[in-house]
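> Got a predicted structure plus its sequence, pasted below:
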Amino acid sequence: MKYKRILLKLSGESLMGDKQYGIDNERVKQYAEDIKAVHDKGLEIAIVIGGGNIFRGLSAEKSGMDRAQADYMGMLATVINSMALQDALEKVGIKTRLLTAIKMEQICEPFIRRRAVRHLEKGRVVIFGAGTGNPYFTTDSAAALRAIEIKADAVLKGTRVDGIYTADPEKDPSATKYDEISFREVYAKGLNVMDMTAFTLCEENQVPIIVFDMNKHGNFMKIANGEAIGTLVK
Ligand SMILES: Nc1ncnc2c1ncn2[C@@H]1O[C@H](COP(=O)(O)OP(=O)(O)OP(=O)(O)O)[C@@H](O)[C@H]1O
Ligand SMILES: O=c1ccn([C@@H]2O[C@H](COP(=O)(O)O)[C@@H](O)[C@H]2O)c(=O)[nH]1
């Protein structure tokens, strides 16, 4: 394995699979199997999962809702996704712990940095739910923040695009992919695959980011082995 400890960011939207909303069980199962294969090789894995398949604060604000209220709803959506992933991981035999930034003591532990690190050292997959616990942030920023806190070697952003493109590939079919790009170039070109707060946090703390297509079975293993299949930001 190329790394000892990584932070895997999973997209909430990707969890929908071919559905228009919610959680596709087959997709969650595929993620769990891919994560197990890498975990079995001894990599310490922490996960942050988005909530875009259920609720996004920014979209709700556009429909007239108070932004902070909507953001808290978005954070709760990430907990639902985290619980679905936790269930799927346990079904394939992985020990997990779900730690949330908003206390929900009947269902999971509160986020305590030292406990998270201890869980990882003991070989448990740790899922961080409820983002940063603060409105006006995203789960990309939560992923960057937690990665720094647990001293992860990299943020692996597993999403539905296979890397960072010169423009959004879902809107511009002529866009071309970068194999590697600097943080400075990402800012200068305004590449929106992740939010800028997340990029800045990683740059300031020397945590590289790799963007890759998590929906293709086996890709997570390739990335964990150091194969250059996505886009490396450093
Ligand atoms: N320059 C770019 N290169 C690659 N992807 C880009 C770029 N600009 C925008 N994107 C978009 O970034 C998105 C990244 O996917 P992802 O599903 O992680 O988004 P997300 O909104 O963070 O998901 P969620 O909130 O559900 O976790 C894709 O939809 C892709 O089209
Ligand atoms: O730290 C955070 C993380 C998330 N939110 C809210 O949750 C939703 C879903 O997260 P995505 O990153 O968009 O998947 C997000 O739209 C925010 O409303 C938050 O407030 N703080």
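Everything's here; your move. Ligands and ions are numbered 1, 2, ... in the order given.
> what's the spacing between the longest helix belonging to the chain and its chain's center?
Across the chain, the longest stretch assigned as helix under DSSP state H is helix 67-91. In this view, helix 67-91 has its centroid 12 Å away from the chain centroid, taken as Cα atoms, centre = their mean, to the nearest Å.
> near ligand 2 at all, it?
Yes - interface with ligand 2: helix 67-91 contributes 70-71, 74-75, 77-78 (Cβ under 6 Å from any ligand atom). In short, each C-beta sits where N, CA and C put it, glycine included.
> got TSV for the residues you listed, with distance to Ala84 too?
Below are the residues of helix 67-91 next to ligand 2 laid out as TSV (distance: Cβ to Cβ, whole Å):
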residue	distance to Ala84
Ala70	21
Asp71	21
Gly74	16
Met75	16
Ala77	11
Thr78	11
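> top of these by neighbour count?
Thr78 (28 neighbours; other Cβ atoms under 10 Å).
> Not counting sequence-adjacent ones, nearest residue to that residue?
Once flanking residues are discounted, Thr78 sits nearest to Gly51: 4.1 Å by Cβ to Cβ, 6 or more residues apart in numbering.
> cool, Leu201 as well?
Closest to Leu201 by Cβ to Cβ, 6+ apart is Ala144, at 4.0 Å.
> got a list of what the one you found touches?
Shown in contact with Ala144 (Cβ atoms under 8 Å, 6 or more residues apart in numbering): 155, 197-199, 201-202, 207.
> Now name the helix or strand holding it.
Assigned by DSSP states H and E, Ala144 falls within helix 139-149.
> same check, this time on Ile47
Using DSSP H and E, the element containing Ile47 is strand 44-49.
> and whichever helix or strand comes after that strand, does that touch ligand 1?
Moving toward the C-terminus from strand 44-49, the next helix or strand (DSSP H and E) is helix 57-62. No - counting by Cβ under 6 Å from any ligand atom, ligand 1 is not contacted by helix 57-62; separation bottoms out at 9.8 Å.
> In space, what's closest to whichever residue of the chain sits closest to ligand 1 - neighbours in sequence excluded?
Going by Cβ to the nearest ligand atom, ligand 1 is nearest to Gly50 of the chain, at 2.0 Å. Leaving aside its chain neighbours, Gly50 sits nearest to Gly12 (3.3 Å; criterion: Cβ to Cβ, 6+ apart).
> For ligand 2, see how far away the closest residue to Val79 other than its chain neighbours is.
If the residues on either side of it in the chain are set aside, Val79 comes closest to Gly129, at 4.3 Å by Cβ to Cβ, 6+ apart. Gly129 is 10 Å from ligand 2, where distance means Cβ to the nearest ligand atom, to the nearest Å.
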